[in-house]
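1. Next comes the sequence, and after it the predicted model I'd like to discuss.
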Amino acid sequence: MQPGPGNLITDIKGLRVGNAADAEIKTGCTVLVADRPFTAAVHVMGGAPGTRETDLLAPDKTVQQVDALVLSGGSAFGLDAASGVADALRKEGRGFAVGDVTVPIVPAAILFDLINGGKKDWAQNPYKALGAAALAHAVEDFALGTAGAGTGALIADLKGGLGSASLQVGRYTVGALVAVNALGRVTVGDGPHFWAAPFEFGSEFGGLGPAPGFDPAAPAPVKGGGQATTIAIVATDAGLTQSQASRLATAAHDGMARAIYPSHTPMDGDLVFAAATGTTPLDAPEADLLRLGNAAAVCLARAIARGVYHATSATGDLQPTWAARFSSI
């Protein structure tokens, strides 16, 4: 396995990602959209999720495909970002057809970034406009770090951020997109080494390798309860059913556990969407799904590290960036 040409989720043909942010509020949202509807699923392992239309993604539900997926800051306020995306998609004539009406299907998940140093005294919920703006700016080559849904993200001891990574797995491409706002940490002890280091390709997040000896039983610092959540999308061009996509999302959570310590806590809303464009049919479903699930976990671990690694400083930050804290490395 090797990363795709861009090392981004958009190495999967037909996918685009749009970011929008408000630097004063210190928040933003990120939209994943495709050229046509795609199969989607979800798996939640955190104890405090915030979501829209995720029940629809169960394999027994009527609608099997979606028009876009949204990751947003803003806690419950941020769910309105999906409304902006849905309105814009409807203007394009996209959506699930019901008689002469089309209803865009736009599941979403949010993270908590309301206590991060930004101004939150808005008179009108800003997230609907941010969602529409993110969709309007959807491209193949998008920014990482302090961008989109990662704009106001924080982890226990550093700024969080938006990350992405990809892998070529035989005939298939797998990618991950994640907004890292975890309760815990992504680096080991007090040093710069990422928990995800064993899965790094080249120097995509510093090339420092695994940390020297560390006691995993030592208490890990965490930020305030209820102020967290890492939300992600893993995607592939493989032809998956919704049930198979659900298994892909479940397997990808291994990557979150490899990259964040601790993860899946009662105060995190950790969630993974899976998306499958279906342009490459499965050759051997059982064997291929095993390989794809492993690749999704590896991609997600790397994407988490990349999101923190690429974060940039801004006025009013409550935590340093990885680059600022370890600038001497």
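-> Received, thanks. Numbers count the residues shown, from 1 in each chain.
2. pull the longest helix from the protein.
-> helix 285-309 (DSSP state H).
3. Report the buried residues of that one.
-> 288-289, 291-309 (16 or more other Cβ atoms under 10 Å). Placement of C-beta: from N, CA and C, glycine included.
4. Quick one: distance of it to the chain centre.
-> Chain-centre distance of helix 285-309: 12 Å, with Cα atoms, centre = their mean, to the nearest Å.
5. Mind checking the pLDDT average for it?
-> In this model, helix 285-309 has a mean pLDDT of 96.
6. before we move on, what about stretch 131-142?
-> The model assigns stretch 131-142 a mean pLDDT of 97.
7. got the buried residues for it?
-> 131-135, 138, 142.
8. I'd like to know which of those residues are part of helices.
-> Reading helices off those with DSSP H, I get 131-135.
9. would you turn the residues you listed into TSV with distance to residue 284?
-> Formatted as TSV, these follow (distance: Cβ to Cβ, whole Å):
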residue	distance to residue 284
131	39
132	42
133	42
134	37
135	36
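10. which one of these sits closest to residue 161?
-> Set against residue 161, the nearest of those by Cβ to Cβ is residue 134 (15.8 Å).
11. and that closest one, how far is that from residue 293?
-> Note on residue 134: its distance to residue 293, by Cβ to Cβ, to the nearest Å, is 28 Å.
12. Check the offset of the lowest-mean-pLDDT helix or strand in the chain from the chain's centre.
-> Lowest mean confidence among the helices and strands of the chain (mean pLDDT, DSSP states H and E): strand 96-98, at a mean of 87. Mean C-alpha position of strand 96-98 versus that of the full chain (Cα atoms, centre = their mean) differs by 28 Å.
13. downstream neighbour of that strand in the secondary structure list?
-> As assigned by DSSP states H and E, the chain's next helix or strand after strand 96-98 is strand 101-103.
14. Show me what the next helix or strand after that following strand is packed against.
-> On the C-terminal side of strand 101-103, the closest following helix or strand by DSSP H and E is strand 108-110. Counting contacts by 3 or more Cβ pairs under 8 Å, 6 or more residues apart in numbering; DSSP states H and E, strand 108-110 packs against strand 51-52, strand 65-72.
15. Which stretch among these is buried most, on average?
-> Ranked by mean neighbour count, those are led by strand 65-72 with a mean of 28 (mean count of other Cβ atoms under 10 Å).
16. tell me what it is packed against?
-> Using 3+ Cβ pairs under 8 Å, 6+ apart, strand 65-72 sits against strand 27-44, helix 81-91, strand 108-110, helix 127-136, strand 172-180, strand 231-238, strand 271-280.
17. Okay, now the sheet partners of the fifth one, with direction.
-> Here strand 172-180 is paired, per DSSP bridges, with strand 161-169 (antiparallel), strand 231-238 (antiparallel).
18. With the third one instead?
-> Next to strand 108-110 in the sheet, as set by DSSP bridges, lie strand 51-52 (antiparallel), strand 65-72 (parallel).
19. Need those in a markdown table (columns: distance to residue 209 and mean pLDDT).
-> Listed next are the strands paired with strand 108-110 as a markdown table, based on distance: least, Cβ to Cβ, whole Å; pLDDT from 0 to 100:
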| stretch | distance to residue 209 | mean pLDDT |
| --- | --- | --- |
| strand 51-52 | 37 | 96 |
| strand 65-72 | 30 | 97 |
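20. Columns distance to residue 269 on top of the ones you listed, output as TSV?
-> Below are the strands paired with strand 108-110 laid out as TSV (distance: least, Cβ to Cβ, whole Å):
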stretch	distance to residue 269
strand 51-52	8
strand 65-72	12
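21. contacting residues around the most centrally placed residue in the chain?
-> Nearest to the mean C-alpha position of the chain, by Cα atoms, centre = their mean, lies residue 178 at 2.1 Å. Taking Cβ atoms under 8 Å, 6 or more residues apart in numbering, we find residue 178 in contact with 71, 162-164, 230-233, 300, 303-304, 307.
22. Who is it paired with across the strands?
-> Applying DSSP bridges, one finds that residue 178 bridges with residue 163, residue 232.
23. Quick check: it vs residue 64, distance?
-> 24 Å.
24. swap in residue 51?
-> Applying Cβ to Cβ to residue 51 and residue 64 gives a distance of 18 Å.
25. How about residue 131?
-> 23 Å.
26. Extract the residue ranges of the stretch 201-329 of the chain that are flagged as low pLDDT.
-> Residues of the stretch 201-329 of the chain that meet the criterion pLDDT under 70 lie in 214-226, 328-329.
27. one step back: parallel or antiparallel, list what pairs with the least confident helix or strand of the chain.
-> strand 101-103 (antiparallel).
28. Just the residues contacting the strand it pairs with, thanks.
-> So strand 101-103 is contacted by 86, 90, 93-96 (Cβ under 8 Å, 6+ apart).
29. can we see that at 10 Å?
-> For strand 101-103, the external contacting residues (Cβ atoms under 10 Å, 6 or more residues apart in numbering) are 63, 67, 86, 89-90, 92-97.
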